[in-house]
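Asks: A structural model of the following input is requested.
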Amino acid sequence: MAKKAKQISSQSALNSEIKSICDIMRRSNCAGAMQYVPELTWILFLRILDERESQEAEESEAMGLSFTYSLEAPYRWRD
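Replies: As a prediction, the model looks like this:
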């Protein structure tokens, strides 16, 4: 089983994560935020989707049901 993603427990933790991602993108020769906002949006979407699907997979497993992820590896956040 894949390792569990780190939980973001507060607004300041979320702000810190987003700042960290922006810093990495800024170092990749992006002139301004408008150049990496689409990528940042996709990264955050993948993170939210992965957390939600992890919860749904755990619930399905507890009920003895199978669960199919929306995205296959290596396109999921955890991968």
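
Asks: low-confidence ranges in the chain?
Replies: Across the chain, the ranges flagged by pLDDT under 70 are 1-8, 31.

Asks: how long is stretch 26-35 end to end?
Replies: One end of stretch 26-35 to the other measures 9 Å (C-alpha to C-alpha, to the nearest Å).

Asks: so how far is it off the chain centroid?
Replies: Here stretch 26-35 is found 20 Å from its chain centre; the criterion is C-alpha atoms, centre = their mean, to the nearest Å.

Asks: Let me see the ranges of the helices in the protein.
Replies: Remark: helices assigned in the chain by DSSP state H are 11-26, 33-62.

Asks: Which neighbouring elements make contact with the longest one?
Replies: Counting contacts by 3 or more C-beta pairs under 8 Å, 6 or more residues apart in numbering; DSSP states H and E, helix 33-62 is packed against helix 11-26. Every residue, glycine included, has its C-beta placed from N, CA and C.

Asks: For the helix it packs on, buried residues please.
Replies: For helix 11-26, a neighbour-count test (16 or more other C-beta atoms under 10 Å) marks I21, M25 as buried.

Asks: Begin at 23 from now on, thanks
Replies: Okay, residue one is now 23; in that scheme the one you just asked about reads as helix 33-48.

Asks: Could you find the closest non-adjacent residue to the residue nearest in space to the middle of the chain?
Replies: Most central in the chain under C-alpha atoms, centre = their mean is R69, positioned 1.3 Å from the mean C-alpha point. Leaving aside its sequence neighbours, R69 sits nearest to W99 (C-beta to C-beta, 6 or more residues apart in numbering; 5.1 Å).
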